[in-house]
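*Asks:* Got a sequence here, can you build the structure:
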Amino acid sequence: MSGDLVAVWEVALSDGVHRIEFEHGTTTGKRVINIDGKEVIRRDWMFKLVGKETFYVGGTNTKATINIDAVSGFAYEYTLEINGKSLKKYMENRSKVTNTWLLNLDGIDCRVVLEKDTMDIWCNGQKMETAGEFVEDGTETHFTVGDHDCCIKAVSSGKRRDGIIRTLLVDGMEVAESAE
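*Replies:* From the prediction side, this is the model:
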């Protein structure tokens with residue numbers, strides 16, 4: 001790790017939580033972006049020290065941009081945007097469009113994410129094969145993780161403000177939702 005590391009962000013996407021590191025050499029003009037420890041961009045001898053770097057993160061190829069702005073003198077501010085939104089706004093919106101559950105199956109930590117708009121289900125970075133069915137009180141989306149039968153049940157809360165309640169069942173047992 002060089003002494004030019006100026007910013008680190010943790011970004012939760014459907015396929016996992018990704019660590020983005022940004023190195024900015026203000027004397028050499030160097031810019032390096034690492035995602036999950038792997039170098040994805042390296043630019044040396046950049047004469048313009050401010051600007052932006054755009055790249056893609058994760059298996060979902062989510063667009064990310066690091067903005068480099070001069071604050072005063074030789075001080076710089078670094079901000080990360082995901083899909084054109086500030087990281088804070090993106091994460092706030094993400095909690096509205098996904099449900100996430102963290103659980104341990106057979107000694108392995110699992111992160112299950114439901115994308116409400118597409119009904120895609122991800123587990124530890126893998127998009128799952130699913131089978132959906134309509135049932136008396138809503139829908140059930142079935143998938144398996146290892147030897148475990150999993151199901152996300154979606155039922156109406158009966159209250160317009162609360163909308164649809166989604167519950168993850170693993171081998172018939174309910175799993176509490178996580179707030180990421």
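
*Asks:* my guess is residue 95 is in a helix, correct?
*Replies:* Yes: when DSSP: H, G, I helix; E, B strand; the rest coil is applied, residue 95 is found to be in a helix.

*Asks:* That one contacts residue 116, correct?
*Replies:* No: shown here, residue 95 and residue 116 do not form a contact pair, counting by CB atoms under 8 Å, at 10.7 Å. All C-beta spots, glycine's among them, are computed from the backbone N, C-alpha and C.

*Asks:* Bridged to residue 81, which residues?
*Replies:* residue 65, residue 86 (DSSP bridges).

*Asks:* list the contacts for it?
*Replies:* 64-67, 87, 90 (CB atoms under 8 Å, 6 or more residues apart in numbering).

*Asks:* So the residue sitting furthest away from the middle of the chain versus residue 49, what's the distance?
*Replies:* Most distant from the centre of the chain: residue 73, at 34.5 Å, with distances by CA atoms, centre = their mean. Plainly put, residue 73 is 12 Å away from residue 49 if you go by CB to CB, to the nearest Å.

*Asks:* Ok, residue 33 next?
*Replies:* 16 Å.

*Asks:* Can you list the low-confidence ranges for this protein?
*Replies:* 1-2, 180 (pLDDT under 70).

*Asks:* Just the helices from it, written as ranges.
*Replies:* Per DSSP state H, the chain carries helices over the ranges 87-97.

*Asks:* contacting residues for the residue nearest to residue 167 when sequence neighbours are not counted?
*Replies:* Ranked by CB to CB, 6 or more residues apart in numbering and with sequence neighbours excluded, the top spatial neighbour of residue 167 is residue 153, at 4.8 Å. Neighbour list for residue 153: 135, 138-140, 166-167, 169 [criterion: CB under 8 Å, 6+ apart].

*Asks:* ditto for residue 119
*Replies:* 130, 132, 141.

*Asks:* For the residue nearest to residue 21 when sequence neighbours are not counted, give the beta-bridge partners.
*Replies:* Of all residues not flanking residue 21 in the chain, residue 34 sits nearest, at 4.3 Å (CB to CB, 6+ apart). Counting by DSSP bridges, residue 34 forms beta bridges with residue 21, residue 39.

*Asks:* Tally up the residues packed near residue 34, please.
*Replies:* Neighbour count for residue 34, taken as other CB atoms under 10 Å: 18.

*Asks:* any idea how far residue 22 is from it?
*Replies:* Residue 34 is 8 Å from residue 22, by CB to CB.

*Asks:* Name the residues contacting each of these two.
*Replies:* Contacts common to residue 34 and residue 22, judged by CB under 8 Å, 6+ apart, are absent.
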